[in-house]
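Visitor: take this sequence and fold it.
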Amino acid sequence: MGFKVAVVGATGNVGRKILQTLDERAFPADEVVALASERSSGQEVSFGEDKVLKVQALDDYDFSGTHIVLSSPGAKTAAAFAPRAAQAGAVVIDNSSYFRMDEDVPLVVPEVNGEAIAGYTARNIIANPNCSTIQMVIALKPLHDATPIKRVVVATYQSTSGAGREAMDELFNQTRAIYMNNPVEKDKFTKQIAFNVIPHIDVFLEDGATKEEWKMVVETKKIMDPGIEVSATCVRVPVFIGHGEAVHVEFESALSEDAAREVLKMAPGIVVVDHRADEGYVTPEECAGEDPVYVSRIRTDPSVEHGLAMWVVADNLRKGAALNAVQIAEVLASEYL
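Guide: Numbers count the residues shown, from 1 in each chain. Below is the predicted model:
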């Protein structure tokens with residue numbers, strides 16, 4: 001059976017990557033529709049090497065007959081259109097934050113909790129987690145299965161593409177302005193991003209955490225185990241694509257670094273590159289355009305009784321967003337629809 005698939009937010013970073021991923025993975029679609037805001041209507045977006053789709057206006061689109069919607073707009077747009085699409089019979093896989101913590105909406109990383117996809121029938125909506133959460137839980141899940149995790153402390157190094165195309169442009173323009181001795185203008189970020197790091201992603205909450213940090217805490221609990229305690233510090237860095245994470249894990253009992261390395265090597269979606277030598281690790285620049293989550297720098301954390309530390313990187317537009325959504329769609333298509 002061929003499916004009719006709609007991609008919402010098709011002109012954005014993630015939307016374009018979803019179209020690319022659908023084509024690369026030969027998703028069984030008879031028809032793919034590109035949707036975006038009214039101002040983007042009529043634009044053309046690439047689908048594969050030689051196909052072009054004309055963007056249609058989301059507000060005017062009738063979702064009748066559409067099987068799967070891969071959605072990557074803002075939260076307000078998702079809140080407005082997703083129930084309409086779901087009521088028309090489509091299953092919406094949504095990348096926004098709007099539905100993630102709803103009890104009757106599964107929050108899914110296929111390598112971690114793929115069985116949760118079955119819960120889509122409650123509302124015909126499946127939520128895609130935050131990009132930083134996805135790569136972290138993929139690395140944590142096999143370790144947690146081997147030896148239960150008690151606590152995680154993570155510092156993220158998140159690229160500008162996570163904030164959209166305009167954020168990437170801001171990094172480029174600020175860098176150029178500095179080299180040309182011109183004034184540096186900022187718009188998307190609260191402080192200069194070029195040659196700087198900003199410990200502030202999303203809004204601040206009353207307890208001093210940012211919403212991005214809160215997302216990593218609550219999403220990890222929902223996806224993996226509500227008993228895992230998480231402390232996150234999320235930082236924007238002057239990189240275009242690829243998130244890095246320094247992850248410190250405390251286990252309930254001992255797990256050696258050698259055992260952890262072997263467990264991670266066997267896990268789906270993970271590539272271990274861990275050589276204690278120059279270039280014996282993976283950086284965001286190297287993971288851009290790649291599908292796996294890369295784990296490096298696996299070592300004992302001597303500050304706690306049963307602790308390990310590791311470095312985790314992934315392409316935030318691929319596994320952190322588009323690929324994860326398409327993988328969910330693949331499971332839906334093969335097992336449920």
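
Visitor: quick one: the strands in the chain?
Guide: Read by DSSP state E, the chain holds these strands, from start to end of the chain: 3-8, 29-36, 44-47, 51-54, 56-57, 68-71, 91-94, 125-127, 149-158, 229-236, 243-251, 270-272, 293-300, 307-314.

Visitor: so of the ones you listed, which one's packed in deepest?
Guide: Each of those was scored by mean neighbour count; the highest is strand 68-71, a mean of 29, by mean count of other Cβ atoms under 10 Å. In short, each C-beta sits where N, CA and C put it, glycine included.

Visitor: quick check: mean pLDDT of that one?
Guide: When the per-residue pLDDT values of strand 68-71 are averaged, the result is 96.

Visitor: what pairs with that strand, and is each one parallel or antiparallel?
Guide: The pairing partners recorded for strand 68-71 under DSSP bridges are strand 3-8 (parallel), strand 91-94 (parallel).

Visitor: let's have those in JSON lines, adding distance to Phe240 and mean pLDDT.
Guide: Supplementary listing: the strands paired with strand 68-71 in JSON lines, determined by distance: least, Cβ to Cβ, whole Å; pLDDT from 0 to 100:
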{"stretch": "strand 3-8", "distance to Phe240": "22", "mean pLDDT": "96"}
{"stretch": "strand 91-94", "distance to Phe240": "25", "mean pLDDT": "97"}
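
Visitor: now render the ones you listed as JSON lines, adding distance to Val137.
Guide: As requested, the strands paired with strand 68-71 are arranged in JSON lines below (distance: least, Cβ to Cβ, whole Å):
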{"stretch": "strand 3-8", "distance to Val137": "25"}
{"stretch": "strand 91-94", "distance to Val137": "17"}
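
Visitor: about what we covered before: can I get the strands of the chain in a markdown table with distance to Ala78?
Guide: Converted to a markdown table, the strands of the chain look like this (distance: least, Cβ to Cβ, whole Å):
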| stretch | distance to Ala78 |
| --- | --- |
| strand 3-8 | 8 |
| strand 29-36 | 12 |
| strand 44-47 | 19 |
| strand 51-54 | 21 |
| strand 56-57 | 16 |
| strand 68-71 | 6 |
| strand 91-94 | 5 |
| strand 125-127 | 9 |
| strand 149-158 | 21 |
| strand 229-236 | 21 |
| strand 243-251 | 22 |
| strand 270-272 | 29 |
| strand 293-300 | 25 |
| strand 307-314 | 23 |
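
Visitor: for those, which one sits closest to Phe189?
Guide: strand 229-236 (6.7 Å; Cβ to Cβ).

Visitor: what is that closest one packed up against?
Guide: On a contact count with 3 or more Cβ pairs under 8 Å, 6 or more residues apart in numbering; DSSP states H and E, strand 229-236 meets strand 149-158, helix 211-223.

Visitor: figure out how far it is from the centre of its chain.
Guide: Taking Cα atoms, centre = their mean, to the nearest Å, the mean C-alpha location of strand 229-236 is offset from the chain mean by 15 Å.

Visitor: orientation of it relative to helix 211-223 in degrees?
Guide: Here the directions of strand 229-236 and helix 211-223 differ by 140 degrees (axes from the mean of the first three to the mean of the last three Cα atoms, to 10 degrees).

Visitor: now for the strands paired with strand 68-71, which one comes closest to Glu206?
Guide: strand 91-94 (26.8 Å).
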